[in-house]
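> Just need the structure, nothing else, for what follows:
(one chain, ligands or ions: 2)
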Amino acid sequence: MRSTLEADGFDPDSGARFRVATLLAVTTIAAYALVALGTAVSSGGGTTCSTWPSCGTDPTFGPLSGDQFLFWAHRAAALVTGLLVAASGLAVRRARLGRRIRVAVYAAVVAFPVQVGLGALIVVGGPSLANTVHLVLAMGIFATLLVALVWTLDTAADARRDQASSVDPTGAESVLSAGDDRTGEKPAVETYVDQPVADPSVGSSADQPVEGPSEHPSVDPDAEVDTPNDGRSGLRRLAGAYLTLTKPRLMWLLCLVAVAGMGLATLTGATLTATTVLATLAGGVLAIGASGTFNHVYERDRDRKMNRTNDRPLVHDLVPVGNALVFGVALVVASMAVLVTWTNVLAAALTLAAIGYYAVLYTVVLKPNTAWNTVLGGGAGALPAVIGWAAVTGDVGWPAIGLAAVIFLWTPAHFYNLAIAFRDDYARGGFPMYPVVEGVAAARRQLTLYLGATLLAASALGWVAGLGWLYTVTSIALGGVFLRSVLRQYRHPTDERTLRSFYVSNYYLGAILVAIVVETLVFA
Ligand code: HEM
Ligand SMILES: CC(C)=CCC/C(C)=C/CC/C(C)=C/COP(=O)(O)OP(=O)(O)O
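Ligands and ions are numbered 1, 2, ... in the order given. Here you go, the predicted structure:
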């Protein structure tokens, strides 16, 4: 039986496709390093290098300054990436991959020498427009390669499914198409059903004996705290229940976002005092606690239906709903009092908006009604960047908006991992999360593209804010780790790997935020 891919003139060997994908992945990560180094080089001042290609220095003798190191690293990365792009062009041609993949990779092959020419023009004193075009084209090359890579991985997974079907057209095909997510490697135990869940509101997959993600015991940070009858004294259990309502595990990263926003604000020359830092963090923690509490109250009936959340305090009446509401309101009042007293009205108003965004816009309007809930909901988590900046300066600035954009784009790359792993659970709860509505393959594609956009936004932020080598090196290293982690899901789409990407997403963001804080507050 000829597979559909063969009928379309494709090479049916999934192994060959995955090998091309590996080369494309390395090329894409190298292209990202090139973009990140490029933004660092152009924001670090164009005077360090005055000649091309020698940079006016000999790299083998004498210590290089930080800027010279970045210039040399940029040139070395350009050389390596150029060779990889050329090799990728040859590889997609030889593997007879689909037309759109070839066109995308060839476009990168053609654009690359143009980039080199523009780079040389900038160094020898070309117009400033050349700098902007150089940067935009670099981002375009990265984006084109990433899209080609995603298409290649998709066709490789399709080919693998086709191959598995043709090996066993009766049993395996039906198992794979109905129950597996395209891999055929470990059916039934750890892989996903690659089809949307038909009607999320009735949790259609709830009755299937799904093993793995939906039953995963450890990802819910609240699980141990909430478990009723766990032998703790009544008072400690009650305190634990109230603490759980505030969603404490989320706080460190959101606080780090706010501190990074404050750090960026100091680049304007504004002074940062210990009072501002402490008050912003205290007000922020109280605000996150308030919005988390309202989220628990509103979702208590759906939480009861989901394995991941059915041990939450309100599901077990550990806290009466009325008390939880009073607790939430008290936290809002305390947060506003702290922020107005020790920071400023703008920071307080933005925090109130963030509470409304998460507790009402996301929880009540978006989450139960649209698969866009995560994308649009990302604005809530992005606001702390602007809040931190506003607490220091009393206004809103571009670097803060740049950081907010990074968080906004990062959110789907963060949460879709969890949504994929727990898609049956979300379906049970009646939530139209993207993988529930559109299927796992589409969600993974989206998350990869959002990750690419996050990496580009992080580079743009480095450019706008003039961040230096620590931020650049951290972005490249952790960005590469995050991208690799997500790309590995295509080849090994298990819940374990998907959840690993979820945690890697937090480490990535945490690391670049720490780099911002160190560069702006420690190195300054
Ligand atoms: C629409 C936006 C977001 C959604 C839907 C989302 C969803 C989730 C979910 C469901 C969890 C599991 C923990 C739990 O049950 O409470 C989680 C964990 C977490 N999220 Fe997000 N998240 C979003 C945005 C953010 C943002 C903006 C940040 C910080 C900048 C963040 C940081 C974290 C952290 C630190 C964890 C804890 C991971 C751990 O258990 O160690 N999230 N997120
Ligand atoms: C300053 C301030 C108030 C900021 C608020 C921003 C905020 C708390 C963003 C986090 C969003 C988040 C972690 C949602 C959790 O998803 P979920 O609620 O869908 O998770 P669940 O399925 O576990 O309920």
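> Just the closest residue of the protein to ligand 1, please.
Nearest residue of the chain to ligand 1 (Cβ to the nearest ligand atom) works out as residue 381 at 2.0 Å. (Each C-beta comes from the backbone N, C-alpha and C, glycine too.)
> For that residue, the count of nearby residues, please.
25 (other Cβ atoms under 10 Å).
> I'd like the next helix or strand past the host helix or strand of it.
Using DSSP states H and E, residue 381 sits within helix 373-393. Proceeding N to C from helix 373-393, the next assigned helix or strand is helix 398-421, under DSSP H and E.
> how about that next one: buried residues?
399-421 (16 or more other Cβ atoms under 10 Å).
> Tell me who's in contact with the residue nearest to residue 275 when sequence neighbours are not counted.
Leaving aside its chain neighbours, residue 275 sits nearest to residue 342 (5.6 Å; criterion: Cβ to Cβ, 6 or more residues apart in numbering). Applying Cβ atoms under 8 Å, 6 or more residues apart in numbering to residue 342 gives the contacts 275-276, 278-279, 283.
> If any of these are buried, put those into a PyMOL selection.
Those of the contacts of residue 342 that count as buried under 16+ other Cβ under 10 Å are selected in PyMOL with:
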select buried, resi 276+279+283
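> can you narrow the contacts of residue 342 to ones near ligand 1?
Filtering these for proximity to ligand 1 (criterion: Cβ under 6 Å from any ligand atom) leaves nothing.
> Spatially nearest residue to the residue of the chain closest to ligand 1 (excluding sequence neighbours)?
residue 407 (5.5 Å).
> and the gap between that neighbour and ligand 2?
9 Å (Cβ to the nearest ligand atom, to the nearest Å).
> wait, doesn't that residue sit right on residue 380?
No. The pair residue 407 / residue 380 is not scored as a contact, 9.6 Å apart, by Cβ atoms under 8 Å.
> tell me which helix or strand of the chain sits lowest on mean pLDDT?
helix 171-179 (a mean of 29; mean pLDDT, DSSP states H and E).
> you'd agree residue 521 is up against residue 274?
No. Applying Cβ under 8 Å as the test, residue 521 and residue 274 come out as separate, 11.6 Å apart.
> what does the stretch 101-250 of the chain put close to ligand 2?
Checking the stretch 101-250 of the chain against ligand 2 by Cβ under 6 Å from any ligand atom, the hits are residue 250.
> Give me every residue in the stretch 251-400 of the chain lying close to ligand 1.
253-254, 257, 374, 377-378, 381.
> The same query, at a cut-off of 5 Å, please.
When proximity is defined by Cβ under 5 Å from any ligand atom, the stretch 251-400 of the chain lies next to ligand 1 at 253-254, 374, 377, 381.
> One more: the chain?
So the chain meets ligand 1 at 220-221, 249-250, 253-254, 374, 377, 381, 411, 415, 506 (Cβ under 5 Å from any ligand atom).
> Just name the closest of those to residue 455, please.
Nearest to residue 455 among the residues of the chain next to ligand 1, counting by Cβ to Cβ, is residue 411 at 14.2 Å.
> any idea how far the closest residue to that closest one other than its chain neighbours is from residue 323?
The shortest distance from residue 411 to any residue other than its chain neighbours is 3.3 Å, reached at residue 378 (Cβ to Cβ, 6+ apart). Separation of residue 378 from residue 323 (Cβ to Cβ, to the nearest Å): 31 Å.
> Tell me which of these two has more neighbours.
A direct count of neighbours by other Cβ under 10 Å for residue 378 and residue 323 places residue 378 higher, at 23 against 14.
> which parts of the longest helix along the chain are buried?
Counting residues, the longest helix found in the chain (DSSP state H) is helix 128-167. Within helix 128-167, the residues scored as buried using 16+ other Cβ under 10 Å are 130-131, 133-135, 137-165.
> Same question for stretch 483-490.
So stretch 483-490, judged by 16+ other Cβ under 10 Å, has buried residues 483, 485-490.
> from the residues you listed, which ones fall inside helices?
483, 485-490.
> I'd like to know which of these is nearest to residue 443.
Looking across those and measuring by Cβ to Cβ, the closest to residue 443 is residue 489, at 10.4 Å.
> can you list the residues of the protein near ligand 2?
250, 287-288, 291, 295, 354-355, 358, 380-381, 384.
> In JSON lines, list these along with pLDDT, secondary structure and distance to residue 442.
Below are the residues of the chain next to ligand 2 laid out as JSON lines (pLDDT from 0 to 100; DSSP: H, G, I helix; E, B strand; the rest coil; distance: Cβ to Cβ, whole Å):
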{"residue": "250", "pLDDT": "95", "secondary structure": "helix", "distance to residue 442": "27"}
{"residue": "287", "pLDDT": "98", "secondary structure": "helix", "distance to residue 442": "34"}
{"residue": "288", "pLDDT": "98", "secondary structure": "helix", "distance to residue 442": "31"}
{"residue": "291", "pLDDT": "98", "secondary structure": "helix", "distance to residue 442": "29"}
{"residue": "295", "pLDDT": "98", "secondary structure": "helix", "distance to residue 442": "26"}
{"residue": "354", "pLDDT": "98", "secondary structure": "helix", "distance to residue 442": "30"}
{"residue": "355", "pLDDT": "98", "secondary structure": "helix", "distance to residue 442": "32"}
{"residue": "358", "pLDDT": "98", "secondary structure": "helix", "distance to residue 442": "26"}
{"residue": "380", "pLDDT": "97", "secondary structure": "helix", "distance to residue 442": "24"}
{"residue": "381", "pLDDT": "97", "secondary structure": "helix", "distance to residue 442": "23"}
{"residue": "384", "pLDDT": "98", "secondary structure": "helix", "distance to residue 442": "30"}
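> and of these, the nearest to residue 306?
For those, the residue nearest residue 306 by Cβ to Cβ is residue 295; the value is 13.5 Å.
> Low-confidence ranges, this structure, go.
1-12, 43-67, 164-231 (pLDDT under 70).
> helix, strand or coil for the residue lying closest to residue 488 once chain neighbours are set aside?
Spatial nearest neighbour of residue 488, chain neighbours left out: residue 497 (5.9 Å); criterion: Cβ to Cβ, 6+ apart. Secondary structure, DSSP: H, G, I helix; E, B strand; the rest coil: residue 497 is helix.
> If I follow the layout properly, residue 497 ends up in contact with residue 486?
No. Counting by Cβ under 8 Å, residue 497 sits too far from residue 486 to count as a contact (9.2 Å).
> check contacts around residue 470.
515, 518-519, 523.
> which one of these is nearest ligand 2?
residue 515 (21.8 Å).
> who does the helix or strand hosting that closest one touch, helix- and strand-wise?
Element membership for residue 515 (DSSP H and E) is helix 495-517. On a contact count with 3 or more Cβ pairs under 8 Å, 6 or more residues apart in numbering; DSSP states H and E, helix 495-517 meets helix 251-266, helix 398-421, helix 469-491.
> circling back to that earlier point, out of the contacts of residue 470, which end up buried?
For the contacts of residue 470, buried by 16+ other Cβ under 10 Å: 515, 518-519.
> any chance of those residues in TSV, with distance to residue 96 too?
Listed next are the buried ones among the contacts of residue 470 as TSV, based on distance: Cβ to Cβ, whole Å:
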residue	distance to residue 96
515	43
518	48
519	47
